[in-house]
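K.L.:
build the 3D model from these lines:
(one chain, ligands or ions: 1)
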Amino acid sequence: MSEAILQLSGLRKAFGALVVTDDIHLELRRGECHALIGPNGAGKSTLIHQLSGMLQPDAGSIVFMGQDVTRLSQSERALAGLGRSFQITSILPEFTVLENVALAAQVRAGSSFRFLGRVADERLLNEAAISALARIGLAGKADMVAGTLSYGEKRLLELAIAIAGRPHALLLDEPLAGMGRAESASLTQVLLALKAEYPILLIEHDMEAVFQLADRVSVLVAGAIVATGTPDEVRADPKARAAYLGDDHPEGTA
Ligand SMILES: Nc1ncnc2c1ncn2[C@@H]1O[C@H](COP(=O)(O)OP(=O)(O)OP(=O)(O)O)[C@@H](O)[C@H]1O
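P.N.:
From the prediction side, this is the model:
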């Protein structure tokens, strides 16, 4: 069995009387994409917020690369290599695509922000940025001003920014949301190629993409995991079908 690089044990979170994360046990292994699916309001985003450090769990632990990160801040977790992607607001719209990614590489390299104006001149940072852009198929847009990119391209840029930080794992919260069919298909291919190097914990409503990408799937219902297994196992699991997948449309988009 592959090594677990992220382990959630007994994670619990309540908002008042509403228990949104109920004793979650889950692991992300090296080289895999582990998808977390479930109906609207099941608690997927609340769970990923606890992983990124945006929310503190009430109980339980999060161990990442052998380190207990449960009480670490968001930035401390990012520095530990827990990469979170797809918050378009983190793009600097007036900077070029290359500068956005080089800045992320610079933060990773520990350089000072006072060099921001010279980011474009930093050869090593540019190389790292171009390499990240090439991985996600955006190298051709390197000189474009980020604010002029299409919606789908901005989501790719976010992924390049995350990769430039050289994370040990990626947390992706609905990366395909709002994308057209062709963009979704090409991003799915990009993620397939990335997961060997960057294990991915994926929240996604597009079931076609989930079953294409995921090595394992966990089904979250009302804050609790009702099934975990390979896509085939989950497809065949009565609890998962009843809760989410639907007997008539096992691969339909939720
Ligand atoms: N800050 C909060 N305060 C109170 N309730 C909250 C808060 N955040 C989320 N909730 C509630 O927690 C439950 C789970 O929400 P969450 O957004 O995690 O679900 P989700 O599975 O990500 O849903 P979706 O697929 O629609 O994004 C919902 O009932 C939501 O209303």
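K.L.:
what about the strands in the stretch 101-250 of the chain?
P.N.:
Secondary structure of the stretch 101-250 of the chain by DSSP state E, counting those that start in this stretch: the strands cover 169-173, 200-203, 216-221, 224-229.
K.L.:
quickly check: the last one near the ligand or not.
P.N.:
No. Counting by Cβ under 6 Å from any ligand atom, no contacts exist between strand 224-229 and the ligand, the nearest distance being 11.9 Å. In this view, the C-beta of every residue, glycine as well, is placed from N, C-alpha and C.
K.L.:
how about the second one?
P.N.:
No. Using Cβ under 6 Å from any ligand atom, we find that strand 200-203 stays clear of the ligand, coming within 6.9 Å at best.
K.L.:
hmm, who's touching that strand?
P.N.:
Residues outside strand 200-203 that contact it (Cβ atoms under 8 Å, 6 or more residues apart in numbering) are 6, 28, 32-37, 44-45, 48, 51, 169-175, 191, 194, 210, 213-214.
K.L.:
state which one residue of the stretch 51-200 of the chain is found closest to the ligand.
P.N.:
Glu174 (7.3 Å; Cβ to the nearest ligand atom).
K.L.:
thinking again about what came up before, any chance of the strands of the stretch 101-250 of the chain in JSON lines, with mean pLDDT and mean neighbour count too?
P.N.:
Formatted as JSON lines, the strands of the stretch 101-250 of the chain follow (pLDDT from 0 to 100; neighbours: other Cβ atoms under 10 Å):
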{"stretch": "strand 169-173", "mean pLDDT": "91", "mean neighbour count": "24"}
{"stretch": "strand 200-203", "mean pLDDT": "95", "mean neighbour count": "24"}
{"stretch": "strand 216-221", "mean pLDDT": "95", "mean neighbour count": "24"}
{"stretch": "strand 224-229", "mean pLDDT": "94", "mean neighbour count": "18"}
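K.L.:
out of those strands, the one nearest Arg135 is which?
P.N.:
strand 169-173 (12.1 Å; Cβ to Cβ).
K.L.:
remind me what that closest one packs against, helices and strands.
P.N.:
Packing partners of strand 169-173 (3 or more Cβ pairs under 8 Å, 6 or more residues apart in numbering; DSSP states H and E): helix 44-52, strand 82-85, strand 200-203.
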